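Q: Give me the fold of what follows.
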Amino acid sequence: MTITIRFGPADPLNCRFALSPVWETQAALRVLAHTPHGSPHGGWVRRALPLARSLALEPLWAVLPARGYTPDFLFPAPAAPAAPVAREAARIRATEPACAHAQIARALAGTPGAARTAVGRELLADPAAAVETLASAVVRAWEALLAPGWPRLRALLEADIAFRARRLADGGLGRVLAALHPQVTWRDGTLRIARPPRHSRVLTGGEGVTLVPSAFVWPVVAAGFEPPAPAAVMYPARGIGHLWAPAAPLDPPGALVRLLGRGRAAVLTALEEPASTSALALRLRLAPSSVSAHLSALRGAGLLDSCRVGHQVLYSRTALGAAVAAGRADEPPGQPPAQPPADG
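A: Predicted coordinates for the structure are as follows:
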């Protein structure tokens, strides 16, 4: 079973990355409902599941089956690189009742007997009320389960986007799409995703595909949005295995501390993956103002680059910065090695 998305001539020009708190919330709820054990999120599940059971999320869980269709209206296409939850929830609430009824019925049909339960019957009986019920449940789940840990989650997702942006610069969109996930292939202008249900879509308006990194969609990808919903692929972000690990205090090498000072050495050492000022401050347990000053100094010295992703600025090591962090601060090829200053 394969999902295929065939690109038109203009579509590669309009592919983009985006973050979606609403999408991530529902991916997290699917983990809680269907894969509570044996995932990288096991510790988070043990902490979150008792709270989730107190939030009256049964209507939402009813339309998030383990496999099969999920209502498209619950996944509004991110209108910005990182749309606020309130804006995404407002777009869910704007769904026409007739459209909501059809999509809810299709989702319930994926679980035998779901449409005949009390929750299923209530959702189908009043689709306008169902839209409000589901939108409110998404917001409750976000506020209770994901918002407290969003800085850590967002740092992971933004680092993934920065990594793939470098791949785009190095090898073009084809290289980015082909490396998203083992289930995803890119060939002859067609994106193929090896998973059910069978679905084919031809892009005709030059809208491209929105690529949404996720911590909780692991280990698969999610796609197959049907018109008029925009085409999108939600894929596992890099580094999920270390997401919930406690942050170990960094101990920069002594030589690096002597060269840069402890604060700047810690910041440079921490940037194994691109990160924002707030993410670094959280990890290093430093004031954001101090981290910002260290980043500015390191960037001014040519050890860091920066790029903007939505409202965030992500920092990453340059080749020189990577060499300094590794203790190999050699001169660039073709230049003589630097000589220490003469005494006197």
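Q: Around the closest residue to T117 other than its chain neighbours, count how many other residues there are.
A: Closest residue in space to T117, ignoring its immediate chain neighbours: A62 at 7.2 Å, by C-beta to C-beta, 6 or more residues apart in numbering. (C-beta placed from N, C-alpha, C; glycine too.) For A62, the neighbour count with other C-beta atoms under 10 Å is 22.
Q: From P21, how far off is A62?
A: 22 Å (C-beta to C-beta, to the nearest Å).
Q: go on, T117?
A: 29 Å.
Q: Which one of those two is surrounded by more residues?
A: P21 (24 against 14).
Q: Now do the spatially closest residue to that one that is not a sequence neighbour: how many residues are near it, please.
A: Distances taken as C-beta to C-beta, 6+ apart place V85 nearest to P21, at 4.8 Å, with adjacent residues excluded. Residues near V85, counting by other C-beta under 10 Å, number 18.
Q: Enumerate every residue touching V85.
A: By C-beta atoms under 8 Å, 6 or more residues apart in numbering, the contact list for V85 reads 21-22, 139, 142.
Q: Go through those and name the one nearest A165.
A: P21 (20.8 Å; C-beta to C-beta).
Q: Check that closest one and give its pLDDT.
A: For P21, the pLDDT comes out at 93.
Q: Renumber starting at 87 from here on
A: OK, 87 is where the count begins now, so the last one is P107.
Q: Compute the distance between it and S140, please.
A: 21 Å.
Q: Please, where are all the helices along the stretch 237-386 of the chain?
A: 340-346, 348-356, 363-370, 374-386 (DSSP state H, counting those that start in this stretch).
Q: Could you tell me the least trusted of those helices?
A: Across the helices of the stretch 237-386 of the chain, helix 363-370 gives the lowest mean pLDDT, at a mean of 82.
Q: Flag every buried residue along that one.
A: For helix 363-370, a neighbour-count test (16 or more other C-beta atoms under 10 Å) marks 363, 365-370 as buried.
Q: any weak-confidence spans in this structure?
A: Counting by pLDDT under 70, the chain shows low-confidence ranges at 87, 122-124, 165-167, 282-285, 290-291, 310-311, 314, 332-336, 395-397, 414-430.
Q: follow-up on the earlier one: so how far is E144 from the residue nearest to P107?
A: 21 Å.
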